[in-house]
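Undergrad: After the sequence you'll find the predicted model.
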Amino acid sequence: MKPTHIIVVLVLLTAAHSGTITVSPGDDLDAKIESAQGGDVVLISPGTYGPVSITNKQHSASSYVLVKKNGAGTVTAKAPAITTGSALFMENCSYYVFEDTRFEGGMWGMRIRLSDHMIFKSIEVTATGQEGVHFENAVSYIDMLDCKIWDTGNYNAKWGECIYLGSAANKAWWPDYTHHIWMEDCDLSDCGNGEAVDFKGEVDASTLRNSVIYDIAPGTSDQHNEGAIVLQAIEVSGLERRDNFVEGCEVYNVSGGRFNRGITFMGAGNTIRNNTIYNCAAEGLAGNTWKDAGKTTYVYNNTITNCNPNTDIPGSMTVSNEDNDNPYSPQSWYDAVSVDGALRHRIAPDHRREVRASSYGLDGRRVPQSRQNATAGVFIEVIEHNGAAVATKRLRTR
């Protein structure tokens, strides 16, 4: 017996893009993206362009800006120097999607400030002066998916982090409560003497998942970069436990720096689970009691080999060996469906038609009949589009 389906309109799933902006070599990429309105698609032909700077551009989940490659080859936004500026700078912006773009050069490859609700998919960042990517000053709801970041820290090696979350205490906008950053399936390497990923102590609700981190040389004589991945200490008095996750990652070949550890955590809380760590010249997994706030860190099912030693966690730290499930997930306001259970796919909005779907709400409960035609708050498991199976994935969103 065939299952009963409910007809809903695709507009509940995808943005209603209103225009297409094409960019070709020789065009001003920055001006083209700056001119995009909510709902526009910016299609970039392969080639090398100048840096991009976007400020004070705010859109919505139903009317976002999509920037992506158009054709075979590499799209590169390149800053002219590694001693200043960024290849991509964004401030006070929301609801942008960037796909299949390389950001090269600049002091920072990508510097995102005071912004929220963005997705960076299949992005490359390389050849920077300092950090590859810096999310700072209350940034929230940012996804980095299937990204590659390497060869950073070419001007200031000690600040060459591939991904830097939050800010140091000497910044005017500190404390920096950056939160809900999702990093998955990333390839991170060769970051000068910085960490591959640095979670500052005030960062919360952020995840590094299923990523590969290798060839890292953290720390210099005057810089305490404590490992390939570091979960820093809380420096704000009375702040509650931090709930960040490092899970399912592979960390290896950590040597050549001052602190050649795989993962280092301080007493801010957080969860480190299901990781594989090997070939570290110092500890594979290390606890550090500096400014220990006494919050519980969950350390579960990590496989550590050929490190020196494999584990070094001071007995004074509050650590649980129990598992702690991750309650967070990537955003789904853009890339909400998958094809064949693997390939991510968004149904073209200019072919907006009806789709067949089972009606599930945000929390997985079946939506009452009275809400099946709601224009917001109903998120569905797509089953059929134009007679063809599209996906069987329950959707969640933020």
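TA: Received it, and whenever you're ready, just let me know what you need.

Undergrad: CA only for contacts and neighbour counts going forward, please
TA: OK.

Undergrad: Residue 45 and residue 27 touch, don't they?
TA: No. Residue 45 lies out of contact with residue 27 (Cα atoms under 8 Å); the separation is 10.2 Å.

Undergrad: Between those two, point out the one with more neighbours.
TA: The residue with more neighbours, out of residue 45 and residue 27, is residue 45; 19 against 13, by other Cα atoms under 10 Å.

Undergrad: quick one, what contacts the more buried one?
TA: Contact partners of residue 45, counting by Cα atoms under 8 Å, 6 or more residues apart in numbering, are 22, 23, 24, 25, 69, 70, 71, 75.

Undergrad: Same list (those residues) but as CSV, adding distance to residue 115.
TA: Output for the contacts of residue 45, formatted as CSV (distance: Cα to Cα, whole Å):
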residue, distance to residue 115
22, 25
23, 25
24, 28
25, 29
69, 23
70, 26
71, 29
75, 24
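
Undergrad: Write a PyMOL command that selects only the buried members of the residues you listed.
TA: To isolate the buried members of those in PyMOL, using 16 or more other Cα atoms under 10 Å:
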select buried, resi 22+23+69+70+75
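
Undergrad: avg pLDDT for stretch 132-146?
TA: For stretch 132-146, the mean per-residue pLDDT is 98.

Undergrad: export it as PDB, just CAs?
TA: Taking Å, rounded to 0.1, in the frame of the first residue of the first chain, the C-alpha atoms of stretch 132-146 are listed here in PDB:
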ATOM      1  CA  GLY A 132      42.600  31.700   7.200                       C
ATOM      2  CA  VAL A 133      39.100  32.400   8.700                       C
ATOM      3  CA  HIS A 134      38.300  34.600  11.600                       C
ATOM      4  CA  PHE A 135      34.700  34.800  13.000                       C
ATOM      5  CA  GLU A 136      34.700  37.600  15.600                       C
ATOM      6  CA  ASN A 137      32.600  40.100  17.500                       C
ATOM      7  CA  ALA A 138      29.300  38.200  18.200                       C
ATOM      8  CA  VAL A 139      29.100  36.200  15.000                       C
ATOM      9  CA  SER A 140      26.400  33.500  15.100                       C
ATOM     10  CA  TYR A 141      24.900  30.800  12.900                       C
ATOM     11  CA  ILE A 142      27.700  30.200  10.400                       C
ATOM     12  CA  ASP A 143      28.200  26.900   8.600                       C
ATOM     13  CA  MET A 144      31.500  25.900   7.000                       C
ATOM     14  CA  LEU A 145      30.900  22.700   5.000                       C
ATOM     15  CA  ASP A 146      33.400  20.700   3.000                       C
END
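
Undergrad: Isn't residue 64 up against residue 96?
TA: Yes. Assessed by Cα under 8 Å, residue 64 is found in contact with residue 96 at 5.8 Å.

Undergrad: Endpoints of stretch 167-175, how far apart?
TA: 8 Å (Cα to Cα, to the nearest Å).

Undergrad: Go through that stretch and flag the buried ones.
TA: Counting neighbours by 16+ other Cα under 10 Å, stretch 167-175 gives 167, 168, 174, 175 as buried.

Undergrad: So the first one sits against residue 199, correct?
TA: Read that as residue 167. No. In this structure, residue 167 is not within contact of residue 199 by Cα under 8 Å, at 9.2 Å.

Undergrad: neighbour-wise, which of residue 64 and residue 96 wins?
TA: For residue 64 versus residue 96, neighbours defined as other Cα under 10 Å are more numerous around residue 64 (27 against 24).

Undergrad: and the more buried one, what are its phi and psi?
TA: phi -100, psi 170 (degrees, to the nearest 10).

Undergrad: any idea how far it is from residue 251?
TA: 35 Å.

Undergrad: I figured residue 180 was touching residue 206, is that so?
TA: Yes. Using Cα under 8 Å, residue 180 is in contact with residue 206, at 4.6 Å.

Undergrad: more neighbours, the two?
TA: Using other Cα under 10 Å as the criterion, residue 180 and residue 206 rank with residue 206 on top: 27 against 24.

Undergrad: does the more buried one really touch residue 243, like I thought?
TA: Yes. If you go by Cα under 8 Å, residue 206 and residue 243 touch, sitting 7.3 Å apart.

Undergrad: residue ranges of the helices in the chain, please?
TA: Applying DSSP state H to the chain gives helices spanning 29-35.

Undergrad: Any idea which residue is closest to the centre of it?
TA: Residue closest to the average C-alpha location in the chain (Cα atoms, centre = their mean): residue 144, at 2.8 Å.

Undergrad: Look up the residues forming beta bridges with that one.
TA: residue 120, residue 183 (DSSP bridges).

Undergrad: That one is in contact with residue 121, isn't it?
TA: Yes. The criterion here is Cα under 8 Å, and residue 144 meets it with residue 121 at 6.0 Å.

Undergrad: Report the distance from stretch 18-35 to the chain centre.
TA: Once both centres are worked out by Cα atoms, centre = their mean, to the nearest Å, stretch 18-35 turns out to sit 25 Å from its chain's centre.

Undergrad: should've said stretch 310-320
TA: 28 Å.

Undergrad: how long is it end to end?
TA: 18 Å.

Undergrad: cool, stretch 199-216 as well?
TA: Stretch 199-216: ends 16 Å apart by Cα to Cα.
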